[in-house]
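*Asks:* Sequence below, structure please.
(2 chains)
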Amino acid sequence: MTIPFALLQTAPDISARLTALEAAAKSAQSAGDNAWMLVSAALVLMMTGPGLALFYGGLVRRKNVLSTMMHSFVMMGLITVIWAICGYSLVFSEGNPFIGGFKYLFLNGVGSEPNADYAATIPQGTFMIYQLMFAVITPALISGAYAERIKFSAMMLFTTLWIFIVYFPMAHMVWGKGGLLNAYLGGSIRTFDFAGGTVVHITSGVSALIFALYLGKRKGYPREAMKPHSLVLSTIGACMLWMGWFGFNAGSAVAASGLATSAFIATHFAAATAALGWMLAEWLTSGKPSMLGGISGAVAGLVAITPASGFVAPMPALLIGLLAGLFCFWMVTAVKHMFGYDDTLDAFGVHGAGGTLGALLTGVFATSAINSAQINGKVVPLGLVDGNPGQILNQGIGVLIAMALAVVGTLVILKICDVLIGVRVTADEEEEGLDLTQHGEEGYFLES
Amino acid sequence: MKKIEAIVQPFKMEPVKEALKNIGIDGMTITEVRGHGRQKGHKEVYRGQEYNVDLLPKVKFELVVQDDRLEEVVAAISTAAHSGKIGDGKIFIFDVAEAIRIRNNDRGDAAI
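*Replies:* Numbering: from 1, shown residues only, chains lettered A, B, ... in the order given. From the prediction side, this is the model:
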């Protein structure tokens, strides 16, 4: 008869104990989620510098290595400042379906309290710094198209305008509360973009194509040999991208959850089959599988799985990667030469093409068995495999909006930059290299 | 005095150096160079873009020897650098008008 006695003893503070227990559980979850999200933010930053800086830096000629690395590195400064002042607010505060408002101007009210709309278990400050890293890498991806011939001042002005005119509206439309394409927070055209297939890769890839067409070919292209000066650097960079991508995709679960694990697996699987697919295509067409082919394929697979990563099962992820490897190989080796544009480092062929393929395949393979987040209070069928073929159309609309915004925005911005300061360096400067003419330094002093 | 210029395969650099050391030749200058003779280049492909690389890496030895040691030195180099395949390289021989050791102004055979 001791149990009822004990109950009697503790009964008065059961509810107080329960409250304390709930608070402790919440705090433990918050600690776990926050730890993962801070690591994810750092992983995504690592994708820009050193990841992308090394990947792109190795692919250019020796005289342009520092300028190309600079195109990635400087974003870590420039975009950060813009994001702190108004960027975060324009993407994630409520506004209209196309752009956010000024509620979080100067990060007002963005601190250790969570924002339940986006991530209920982590400080909003963590969500803010995590999303910043996406804004940092996106304009850096475009640099693959203008490398080796852009004026540094024009590139800074272009990027500043581009982040406002193309990135902020697109990110708000897809991820912001009330955005036109937001599937979960009141968008009228429901699209699924888990980690930025449209927002990051289609916008940057299509802008890259427009930029390459506007600038024209590098002097001597394709007659002169313009071999990558160090595939060793590129390989290190690509492997850092692969690793950092776990923060990009698995981190997009904004929690240390089962969904993060699922996205982690899908990401890795797609990179694996895409690398093998590209190498196999090379092996069959030119007789040898190459290191450059392997890393190009891996990046293509990572791009394609980005929108799908939090929605698809592991086997479809293997397939998406394989298709991306083959498709981007064809874009870069055949289509580019057919049309003759000089997309220096294939930003369009990999990010534009891979992003589009991934966005559409998300409409095919997205399933509520993987992502059970509720839409309007209930779990609904997501993609074609769930019996919702109409989703492919929605994904297509998302792709077209991203493309249209990128084409028009980039053309307008380029015109402005050209009139104000001129976009391209002189022929002599191009010959001498951007490292010396734009930055007054050289990457290598092998004899000093 | 004769100057010998020998252009050999990069992987023959150490054997040639060794052969020269064995016959007591200590002074030489070695440069990494690029060029081609009858050896064809090779094709490289980067993302579908083909490049023909016809300037191949070689190593150039330059050394000056006394007239009476010439044949011995040439024989040592050509034996050590020989593989029998196209691309083994060439040896050129020049007359040298004068040699001067900068440290102490030694001239002629004493300077080499």
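*Asks:* Return the residues of chain A in contact with chain B.
*Replies:* With CB under 8 Å from any CB of the partner chain as the criterion, chain A meets chain B at residues A:222, A:225-228, A:282, A:286, A:288, A:290, A:292-293, A:296, A:332-334, A:336-337, A:346. (Glycine included, C-beta is placed from N, CA and C.)
*Asks:* Let's see that with 7 Å instead.
*Replies:* Residues of chain A lying close to chain B by CB under 7 Å from any CB of the partner chain are A:Pro222, A:Ala225, A:Lys227, A:Pro228, A:Ser286, A:Ser290, A:Leu292, A:Ser296, A:Val332, A:Thr333, A:His337, A:Asp346.
*Asks:* The second one: neighbouring residues, count only.
*Replies:* This points to A:Ala225. By other CB atoms under 10 Å in any protein chain shown, the residues close to A:Ala225 number 14.
*Asks:* next one: the fourth one
*Replies:* A:Pro228 has 19 neighbours, counted by other CB under 10 Å.
*Asks:* Return the residues of chain B in contact with chain A.
*Replies:* Counting by CB under 7 Å from any CB, the positions of chain B adjacent to chain A are B:Glu44, B:Val45, B:Tyr46, B:Arg47, B:Gly48, B:Gln49, B:Tyr51.
*Asks:* With adjacent residues omitted, what lies nearest to the fourth one?
*Replies:* Which is B:Arg47. Leaving out its chain neighbours, the residue that sits closest to B:Arg47 by CB to CB, 6 or more residues apart in numbering or on different chains is A:Val332, at 5.2 Å.
*Asks:* host element of residue 80?
*Replies:* As the question left the chain open, I've gone with chain A. Using DSSP states H and E, A:Thr80 falls within helix A:65-82.
*Asks:* Please refer instead to chain B.
*Replies:* Counting by DSSP H and E, B:Ala80 is part of helix B:70-81.
*Asks:* hang on, the earlier thing: list the contacts of the residue nearest to B:Arg47.
*Replies:* Counting by CB atoms under 7 Å, 6 or more residues apart in numbering or on different chains, A:Val332 touches A:Asp346, A:Gly349, A:Val350, B:Arg47, B:Gly48.
*Asks:* With A:Glu94 instead?
*Replies:* A:Gly100, A:Gly101, A:Lys103, A:Lys177, A:Gly178.
*Asks:* Am I right that the second one is in contact with A:Ser93?
*Replies:* Yes - counting by CB atoms under 7 Å, A:Ser93 is a contact partner of A:Gly101 at 4.7 Å.
*Asks:* Looking at the two, which is more packed in?
*Replies:* Using other CB under 10 Å, the more surrounded residue of A:Gly101 and A:Ser93 is A:Ser93, with 23 against 16.
*Asks:* Model confidence at the more buried one, what's the number?
*Replies:* The model reports A:Ser93 with a pLDDT of 97.
*Asks:* so B:Ile4 sits right up against B:Leu63, yeah?
*Replies:* Yes - the pair B:Ile4 and B:Leu63 passes the contact test of CB under 7 Å, sitting 5.4 Å apart.
*Asks:* so can I have JSON lines of the residues of chain B next to chain A showing secondary structure and distance to A:Met403?
*Replies:* Below are these laid out as JSON lines (DSSP: H, G, I helix; E, B strand; the rest coil; distance: CB to CB, whole Å):
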{"residue": "B:Glu44", "secondary structure": "strand", "distance to A:Met403": "34"}
{"residue": "B:Val45", "secondary structure": "strand", "distance to A:Met403": "30"}
{"residue": "B:Tyr46", "secondary structure": "strand", "distance to A:Met403": "28"}
{"residue": "B:Arg47", "secondary structure": "coil", "distance to A:Met403": "23"}
{"residue": "B:Gly48", "secondary structure": "coil", "distance to A:Met403": "24"}
{"residue": "B:Gln49", "secondary structure": "strand", "distance to A:Met403": "26"}
{"residue": "B:Tyr51", "secondary structure": "strand", "distance to A:Met403": "33"}
